[in-house]
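Visitor: Kindly return the folded structure for what I paste below:
(one chain, ligands or ions: 1)
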Amino acid sequence: MATSLFFHAFFSSQVMNFNASQVTMLSNLRMGINWRSWLKHGSNLRLMILVLWLCCYVNVGDGQTIGDTSKFDNSSVLYNSTSTLIRELGNKAKFCVKDRDTDWNRAFNFSSNLRFLYSCQKTKGGGIERRICGAAEMKFYLDAFLNKTHKIKNTEYLQPNVNCNRTSWPSGCEPGWGCSTLSPTEPVNQLQNHTQFPQRTENCMACCEGFFCPRGLTCMIPCPLGAHCPLATLNQTTSLCEPYSYQLPPGQPNHTCGGANVWADIGSSSEVFCPAGSYCPTTDTKLACDKGHYCRKGSTSEILCSKFTSCKRNSEKQNMEAIGIMVIVVVSAILLIIYCCSGKILTKRERRQAESREAAVKKAKAHQRWKSAREGAKTHLSEIRTQIGRTFPGQRSDHDGDTDKMWRRGDSSDMSKHSSPASASSAQSSYYDIEVDAAAVSNERASLEIEGNRVEKQSLPKTKKTRTQIYKYAYDRIEKEKSMEQENSNLNFSGIVSMATNTETRKRPLLELSFKDLTLTLKSNGKHVLRCVTGTMQPGRITAVMGPSGAGKTSLLNALAGKAVGCKLSGSMLINGKPDSIHSYKKIIGFVPQDDVVHGNLTVEENFWFHAKCRLPAGLSKAEKVLVVERIIDSLGLQAVRNSLVGTVEKRGISGGQKKRVNVGLEMVMEPSVLFLDEPTSGLDSASSQLLLRALRHEALEGVNICMVVHQPSYTLFKTFNDLVLLAKGGLTVYHGSVDEVEEYFSGLGINVPDRINPPDYYIDVLEGIVTSMGDSVGYKELPERWNRHKGYSVPSDIDTNPIIRHNFLKSRDLSHRRTPLMLQQYKYFLGRFASSTT
Ligand SMILES: Nc1ncnc2c1ncn2[C@@H]1O[C@H](COP(=O)(O)OP(=O)(O)OP(=O)(O)O)[C@@H](O)[C@H]1O
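Guide: Numbers count the residues shown, from 1 in each chain. I've put the predicted structure just below:
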């Protein structure tokens, strides 16, 4: 700030007629705010300051620019040749010291500083020009001023020189005073000399206004514009020459206060600068800033206040209160408007979105109806054709083409020509049937064609721009997928796999997980959570993991998903038949934990969108993202609550079952290849569970490998799964295979599900050891070993002790020796608890 002020004051002088390049240079300097760091750049820069200063000093004549532009442009010339430079400056200085008044008047026409010199000359007699510092003195002073280590301060002396030293100390050496050269006839050429001081001890007097005379120099230096350098007056109380802070020399009663004594940067001494609230058009004039204007420190002119600001008299800065208040009012008004209208805007937006969505659904469905009607008509026609072919076996081959043509033309007279009367009448009636059907179809077609054609055209638009177009595209695809799903609803496994591998429907990579002797051991106590679990989970299939509580179902899911923490995992795992780390596939593996991870303060749709934006590939188009989100909302049956808040503990939102579905949907959004779900149907009624399973089935049709822990599924739900993993306590496998074969397997072991008992419930009861009346069947403790032997897997050593199977998980602690604390002990506990509760 101080520096910029200084430069502003210094370089904004109107008296300097700098040419363009100089102005550029100077303005650059003005921009270089950090004066101190600027000075650090060494002697060349200091020299440059000297040049600028002297340019100001000597740039006076005839409306011309003094100083060669090339000197400024060509820095090597300027900086590297000090002697040339000083000689140059000396030449200019010569111009300053012209004797004739008329020349002065003309030369200093625009120079405020030197105009004072002129007035000074007028009032104090001739020879005043001989009191201005020459090149050597200027260099001497500026070097001392800018010297970093020995920077002179107000009170300090300059180093001794030819005029001011211990043996010679004329009164001009005092601050605020200056002297003239020895003889009025001494050639002014000496002033150009940058190494030699002129003898300047004569005719000592007070420094002129607008100039300053530093202590230790007997010459005058012009104050920079923006400074205020009036003559000092003696303050009798403080004995200081004010506004400066030097004292009169002791023992010289006739010595008076002179002019300014320092030229200092504003940081160390601000008295030479025009004060804030005033402006100094010249270095001896200080005027108060008018009302409606403001003046910063060091101003040479007053600045007009901007609109909406106020400036009192003597203002240092603009009063921006009015603008501030206006800004606050405007911002508050805008916020208020936004607050008031946001609800309406959002509702309107939602309504529009809903409208465009509904229109898209309607059109997509219409299109689908039209397509199925067309297909129906085609099938019907081919059936009739076959019928007629059978009725006229001999003629069929001859007239097939003609008949087809006739049908196409609808020409019944031609038909009768080509058939016998009896058969013709039967054919006629069939033909009428077709006509009626065709008419019905064409009626529907007529009503739907326009829409249908439009949808057909838009089913894969090149650029999906508008919201309606995007929704149309999405719902057209969804309806198409639905109809395909319906067609393939009774597919067997190979059909599902072929559909999953169909490139038209499949977009995701298929992942098959195979694991062998998977053993999970707790690091803390070495307990086995899973033991020698072997099996395969295939893409396009839903595997249910079941077992008694604590059997290790969640642990199995965690182990397969690479999420087991605090455990040691052993065994091998193959991904698509290759040994690989499951962590490499984490971006395409979804995991739905037991607890809900939905954001309660967002709506259902917002939750899905949040996940879609975060987890789907960044390059996926908006239309594709809309398709993903809409497909999930649709398949999970969440259309009705899509705009409802999910809800939190404090704020009621959608139902628990809906929340569960949203929870699953969040993982479906990322379009995973493998989806693990930990008890997604817990707490859901049968209908909701089935709805969820239907959505998962849809995912499986796309080739997703789904593995889910499930508790007590209904028989219908149980039959929805493709595979089953049954775990016994201790993480041992009891069964891993197709759901359709589980009953057969257990029957082989003598475990038959009684009538009216749900098989999965029965098997869990058996594994819990609840079912006791199993006759001659295998004991439940033997089941893991039986399974391993049945499949030819390795049997864990500690259970391979047929017929006695010892499982650490089956060992129960003998509690017969348990002793409860005695009365005294219990009383002690009570006292201890009482004491801790009172403190
Ligand atoms: N990180 C762990 N630290 C301590 N114990 C663990 C850890 N992981 C699993 N267990 C223990 O392993 C056993 C199996 O736990 P897991 O959660 O897999 O059972 P689960 O079959 O899913 O049970 P539930 O049906 O009740 O949810 C439990 O006894 C559990 O305490």
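
Visitor: What helices and strands are in contact with whichever strand or helix holds Phe591?
Guide: Assigned by DSSP states H and E, Phe591 belongs to strand 589-592. On a contact count with 3 or more CB pairs under 8 Å, 6 or more residues apart in numbering; DSSP states H and E, strand 589-592 meets helix 553-561, helix 656-669, strand 674-678. Where C-beta positions appear, they are placed from N, C-alpha and C, glycine not excepted.

Visitor: And these: which comes nearest the ligand?
Guide: helix 553-561 (3.3 Å; CB to the nearest ligand atom).

Visitor: Contacts for that closest one, please.
Guide: Residues outside helix 553-561 that contact it (CB atoms under 8 Å, 6 or more residues apart in numbering) are 513, 515, 518, 520, 529-530, 533, 537, 545-547, 563-565, 567, 569, 573, 582, 589, 591, 594, 674, 676, 678, 707, 709, 725, 727, 731.

Visitor: Below-threshold pLDDT in the stretch 501-650 of the chain: ranges please.
Guide: Within the stretch 501-650 of the chain, the stretches with pLDDT under 70 are 501-507.

Visitor: Sorry, slip of the keys, the one I care about is the stretch 701-839 of the chain.
Guide: Along the stretch 701-839 of the chain, segments meeting pLDDT under 70 span 772-777, 798-820, 836-839.

Visitor: And the strands in it, which stretches?
Guide: Counting by DSSP state E, counting those that start in this stretch, the stretch 701-839 of the chain has strands at residues 705-709, 723-728, 732-738.

Visitor: residues in the protein within reach of the ligand, list them.
Guide: 522, 529, 547, 549-555, 566-567 (CB under 6 Å from any ligand atom).

Visitor: of these, buried ones?
Guide: Among those, the ones that count as buried by 16 or more other CB atoms under 10 Å are 529, 547, 551-555, 567.

Visitor: Widest-spaced pair of the residues you listed?
Guide: Gly547 and Cys567 (17.8 Å; CB to CB).

Visitor: related to what we said a few turns ago, any buried residues in the helix or strand following the strand holding Phe591, and which?
Guide: Using DSSP H and E, the helix or strand that follows strand 589-592 towards the C-terminus is helix 604-615. The neighbour-count check on helix 604-615 (16+ other CB under 10 Å) flags 604-605, 607-609, 611-612 as buried.

Visitor: hang on, the earlier thing: among the residues of the chain next to the ligand, which two are most distant?
Guide: Pairwise over the residues of the chain next to the ligand, using CB to CB, the maximum falls at Gly547 and Gly566, 20.9 Å.

Visitor: relative to helix 604-615, how tilted is the helix or strand containing Arg369?
Guide: Element membership for Arg369 (DSSP H and E) is helix 321-391. Angle, helix 321-391 to helix 604-615, by axes from the mean of the first three to the mean of the last three CA atoms, to 10 degrees: 90 degrees.

Visitor: hmm, back to that, hmm, who's touching the strand holding Phe591?
Guide: Outside strand 589-592, the residues touching it (CB under 8 Å, 6+ apart) are 511, 557, 561-563, 582, 663-664, 666-668, 670, 672-678, 680.

Visitor: That strand: partners in the sheet, and parallel or antiparallel?
Guide: With DSSP bridges as the test, strand 589-592 is paired with strand 674-678 (parallel).

Visitor: The strand it pairs with to strand 705-709, inter-axis angle?
Guide: If you take the same axes, to 10 degrees, strand 674-678 sits at 10 degrees to strand 705-709.

Visitor: CA atoms only: put strand 674-678 into PDB for me.
Guide: Output of strand 674-678 as PDB, limited to C-alpha atoms (Å, rounded to 0.1, in the frame of the first residue of the first chain):
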ATOM      1  CA  VAL A 674     -22.200 -60.600  -9.000                       C
ATOM      2  CA  LEU A 675     -24.700 -59.500  -6.400                       C
ATOM      3  CA  PHE A 676     -24.500 -60.600  -2.700                       C
ATOM      4  CA  LEU A 677     -27.500 -60.000  -0.500                       C
ATOM      5  CA  ASP A 678     -27.600 -60.600   3.200                       C
END
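
Visitor: Name the residues of it that are buried.
Guide: In strand 674-678, counting by 16+ other CB under 10 Å, buried: 674-678.

Visitor: Then stretch 690-705?
Guide: Buried positions in stretch 690-705, judged by neighbour count with 16+ other CB under 10 Å: 690-693, 695-705.

Visitor: CA-only coordinates of it, as PDB, when you get a sec.
Guide: Output of stretch 690-705 as PDB, limited to C-alpha atoms (Å, rounded to 0.1, in the frame of the first residue of the first chain):
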ATOM      1  CA  GLN A 690     -41.700 -62.400  -4.200                       C
ATOM      2  CA  LEU A 691     -41.700 -59.000  -5.800                       C
ATOM      3  CA  LEU A 692     -38.100 -58.600  -4.700                       C
ATOM      4  CA  LEU A 693     -37.200 -62.000  -6.000                       C
ATOM      5  CA  ARG A 694     -38.900 -61.300  -9.300                       C
ATOM      6  CA  ALA A 695     -36.600 -58.200  -9.700                       C
ATOM      7  CA  LEU A 696     -33.600 -60.300  -8.800                       C
ATOM      8  CA  ARG A 697     -34.700 -62.900 -11.300                       C
ATOM      9  CA  HIS A 698     -34.800 -60.200 -13.900                       C
ATOM     10  CA  GLU A 699     -31.200 -59.300 -13.000                       C
ATOM     11  CA  ALA A 700     -30.200 -63.000 -13.200                       C
ATOM     12  CA  LEU A 701     -31.700 -63.100 -16.700                       C
ATOM     13  CA  GLU A 702     -29.100 -60.500 -17.600                       C
ATOM     14  CA  GLY A 703     -26.400 -62.800 -16.500                       C
ATOM     15  CA  VAL A 704     -25.900 -61.600 -12.900                       C
ATOM     16  CA  ASN A 705     -24.600 -64.200 -10.500                       C
END
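
Visitor: re earlier: just the closest of the buried ones among the residues of the chain next to the ligand to Lys297, please.
Guide: Cys567 (73.4 Å).

Visitor: hang on, isn't that closest one packed against Val529?
Guide: Yes: taking contacts as CB atoms under 8 Å, Cys567 lies within contact range of Val529: 6.5 Å.

Visitor: Name the residues contacting each of these two.
Guide: With CB under 8 Å, 6+ apart as the test, Cys567 and Val529 both reach 520-522, 555.

Visitor: can I see the domain layout of this structure?
Guide: 2-273, 325-487, 513-799 (automatic domain parsing).

Visitor: Report how many residues lie close to Arg351.
Guide: 11 (other CB atoms under 10 Å).

Visitor: you'd agree Asp678 is up against Lys563?
Guide: No: applying CB under 8 Å as the test, Asp678 and Lys563 come out as separate, 10.4 Å apart.

Visitor: All the strands of the stretch 151-300 of the chain, residue numbers only.
Guide: Using DSSP E, counting those that start in this stretch, strands in the stretch 151-300 of the chain cover 177-180, 202-206, 211-212, 221-222, 233-235, 240-242, 246-247, 278-279, 287-288, 293-294.

Visitor: Dump those strands to JSON lines, plus mean neighbour count and mean pLDDT.
Guide: What follows is the strands of the stretch 151-300 of the chain, written out as JSON lines (neighbours: other CB atoms under 10 Å; pLDDT from 0 to 100):
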{"stretch": "strand 177-180", "mean neighbour count": "27", "mean pLDDT": "88"}
{"stretch": "strand 202-206", "mean neighbour count": "20", "mean pLDDT": "86"}
{"stretch": "strand 211-212", "mean neighbour count": "28", "mean pLDDT": "84"}
{"stretch": "strand 221-222", "mean neighbour count": "24", "mean pLDDT": "82"}
{"stretch": "strand 233-235", "mean neighbour count": "13", "mean pLDDT": "89"}
{"stretch": "strand 240-242", "mean neighbour count": "18", "mean pLDDT": "86"}
{"stretch": "strand 246-247", "mean neighbour count": "18", "mean pLDDT": "87"}
{"stretch": "strand 278-279", "mean neighbour count": "22", "mean pLDDT": "90"}
{"stretch": "strand 287-288", "mean neighbour count": "14", "mean pLDDT": "90"}
{"stretch": "strand 293-294", "mean neighbour count": "22", "mean pLDDT": "92"}
